[in-house]
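Asker: give me a 3D structure for the following:
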Amino acid sequence: MFKQRWVLLIGILLLLSACNGENTDNPLNVPSVPVESGTRARFCGDGLCENPENAINCAIDCNQPGPLLLTPTAYPTEPLSGDVPPIYFFYAIHVHGSDENLPYDDPDRNTINPQIAENMIAAIEDIAKVLDKYGVKGTWEILPATATGLCSYQGESHIFNQLITNGHEIGTHAHRIDDIKNAYQALQDDCGIRAKTSSGFITQISSYDTDVVQSAMSLSIQTALDLGMTIGTTNLSPGGGKNPFSELCHDQIGVGNTMWERSGNLMFPWKPDVIHRDICAHDAMGEMVFIDHVSIEWIILPGQEAVPDVLTDQNFSQLEKWFDGALQVMQEEKPQRIAVWGFVTHLTEYAVGSKVEHTLEPGALLALEKFLEYVESKRIEGRVIYATVSEIADLILADR
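Answerer: Modelled structure (predicted):
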């Protein structure tokens, strides 16, 4: 059963990280992580259909059915009493399509496709306009090619500097451990931005067997720390088949994170114990702060096996249930520590196609706006505070 759930995990991760079959290199080749002799890193596009690949997460290799997912429970929002602390709310956006070389036309990244570049910039601007309307601060997490491509295309007044000026945050995103450094350097060298936040940890270790994932994740974290990135966004909440740490750590991740069945995330950030290679344990002296968001699985509706081409009100209604669950936790437990709730999307969930070949659909942006309007109503009640991930981490460090 354990192995089956781990198999489902990797399938979901490959599907929902929008990295389907575009890169045929070995995605993880890190010799410092011990791997049994004969173990081969698996990746979509290697010409073999083997677990955890299926027709949804790797259509290039397979024609098998995909996994079924869990759905949230609806929670009524109760009247607010005066002693309920607010929850910190964040939104992480992974700025890429299914081809992680975009906006470049070629894997060697020699030629920028101007139409794709314009579409990516317009997509970022359109989402940011909705966030700015409500004062929501986005944490935009960027792949290496996207950083280099868009900053080279636009010059010094590139879109990421514009976002920072408006109060948003720019962080890195990577699908392989080797790309953590590449993403950081691309933002620093080509965009003039020194990132504090990193993401993509689960995807980076998805090709490893369960007996070495703790070591692989520890290496991912240490790689980010060595570059000065001390904050990580994750989706390590147990349940469904989202990650191997649920069973490895017996659903005990961080300190006091027992609310995940209601909120969809681990609301209390923690510092993973990198020294002892125990990601689920909290190390008070640790350097990396993990801040958890709801898994991208939220976009898949009951009875569906594939991600929707474009987000609708139905998808955000499902997300709203997780949000209401988090508010219910705050109402009932009144935690005397910083509690966080956030969600994640890619650019491509707002447009037809997966390679940013089209501009965003107005209906998808309207669905996002309706959801944020609901969140804003809770902020007005004093139940929500908007923040970037790094702002939340700074508060946690100041609170210890």
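Asker: now the helices for the stretch 301-400 of the chain?
Answerer: Along the stretch 301-400 of the chain, counting by DSSP state H, counting those that start in this stretch, helices occupy 313-333, 362-380, 389-399.
Asker: what about the closest residue in space to P238 that isn't next to it in sequence, how many neighbours?
Answerer: Distances taken as CB to CB, 6 or more residues apart in numbering place S246 nearest to P238, at 3.7 Å, with adjacent residues excluded. C-beta coordinates here come from the backbone N, C-alpha and C atoms, glycine included. The number of residues packed near S246 is 23, by other CB atoms under 10 Å.
Asker: check what pLDDT S246 gets.
Answerer: Note on S246: pLDDT of 81.
Asker: show me how far the one helix or strand it maps to is from its chain's centre.
Answerer: If you go by DSSP states H and E, S246 is part of helix 245-248. Remark: helix 245-248 is offset 19 Å from the chain centroid, using CA atoms, centre = their mean, to the nearest Å.
Asker: buried residues in that helix?
Answerer: Neighbour counts using 16 or more other CB atoms under 10 Å place 245-246, 248 of helix 245-248 among the buried residues.
Asker: give me the low-pLDDT residue ranges for the stretch 201-350 of the chain?
Answerer: 239-242 (pLDDT under 70).
Asker: which stretches in it count as strands?
Answerer: 231-234, 272-273, 278-282, 289-292, 340-346 (DSSP state E, counting those that start in this stretch).
Asker: mind putting the ones you listed into TSV with mean neighbour count and distance to Q214?
Answerer: TSV is the format used below for these (neighbours: other CB atoms under 10 Å; distance: least, CB to CB, whole Å):
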stretch	mean neighbour count	distance to Q214
strand 231-234	26	14
strand 272-273	24	10
strand 278-282	21	6
strand 289-292	24	14
strand 340-346	24	23
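Asker: the ones you listed: which one's closest to I124?
Answerer: With CB to CB as the criterion, I124 lies closest to strand 340-346 of those, at 11.7 Å.
Asker: just the CA atoms of the closest one, as CSV, please.
Answerer: Only the C-alpha atoms of strand 340-346 are listed here, as CSV (Å, rounded to 0.1, in the frame of the first residue of the first chain):
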residue,chain,number,x,y,z
VAL,A,340,-0.7,30.4,7.4
TRP,A,341,-3.0,29.4,4.5
GLY,A,342,-2.1,29.7,0.8
PHE,A,343,-2.7,28.1,-2.6
VAL,A,344,-0.8,27.7,-5.8
THR,A,345,-1.4,27.8,-9.6
HIS,A,346,0.6,28.0,-12.8
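Asker: outside of that strand, which residues touch it?
Answerer: Under the contact criterion CB atoms under 8 Å, 6 or more residues apart in numbering, strand 340-346 has outside partners 18, 87-97, 233, 235, 263, 265, 267-269, 291-296, 298-299, 311, 319, 322-323, 326, 389, 392.
Asker: skipping adjacent residues, who's closest to the residue most central in space within the chain in space?
Answerer: In the chain, the centroid-proximal residue (CA atoms, centre = their mean) is V344; its distance is 5.2 Å. Nearest in space to V344, with sequence neighbours left out and distances taken as CB to CB, 6+ apart, is A92 at 4.4 Å.
Asker: you'd agree E320 is up against E373?
Answerer: No - if you go by CB atoms under 8 Å, E320 and E373 don't touch, sitting 10.9 Å apart.
Asker: neighbour-wise, which of the two wins?
Answerer: E320 (20 against 12).
Asker: quick one: the more buried one from D283, how far?
Answerer: 34 Å (CB to CB, to the nearest Å).
Asker: by contact count, what packs against the helix holding S246?
Answerer: helix 2-16, helix 213-226, strand 278-282 (3 or more CB pairs under 8 Å, 6 or more residues apart in numbering; DSSP states H and E).
Asker: looking at the helices of the stretch 301-400 of the chain, which is buried most?
Answerer: With neighbours taken as mean count of other CB atoms under 10 Å, those reach their highest mean count in helix 313-333, at a mean of 20.
Asker: tell me what angle that one forms with strand 340-346.
Answerer: Counting by axes from the mean of the first three to the mean of the last three CA atoms, to 10 degrees, helix 313-333 points 160 degrees away from the direction of strand 340-346.
Asker: how distant is helix 313-333 from the center of its chain?
Answerer: 18 Å.
Asker: just checking, what packs against that helix?
Answerer: Counting contacts by 3+ CB pairs under 8 Å, 6+ apart, helix 313-333 is packed against strand 87-95, helix 260-263, strand 340-346, helix 362-380.
Asker: buried members of the contacts of strand 340-346 into PyMOL, please.
Answerer: Selection of buried members from the contacts of strand 340-346 for PyMOL, criterion 16+ other CB under 10 Å:
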select buried, resi 18+87+88+89+90+91+92+93+94+95+96+97+233+235+263+265+267+268+269+291+292+293+294+295+296+298+299+311+319+322+323+326+389+392
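Asker: about what we covered before: ok, the residue nearest to V344 - contacts?
Answerer: The contact partners of A92, taken as CB under 8 Å, 6+ apart, are 138-141, 199, 233, 293, 342-344, 389.
Asker: that older thread, just put the buried residues of helix 245-248 in JSON lines and tack on distance to T223.
Answerer: Below are those laid out as JSON lines (distance: CB to CB, whole Å):
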{"residue": "F245", "distance to T223": "18"}
{"residue": "S246", "distance to T223": "24"}
{"residue": "L248", "distance to T223": "21"}
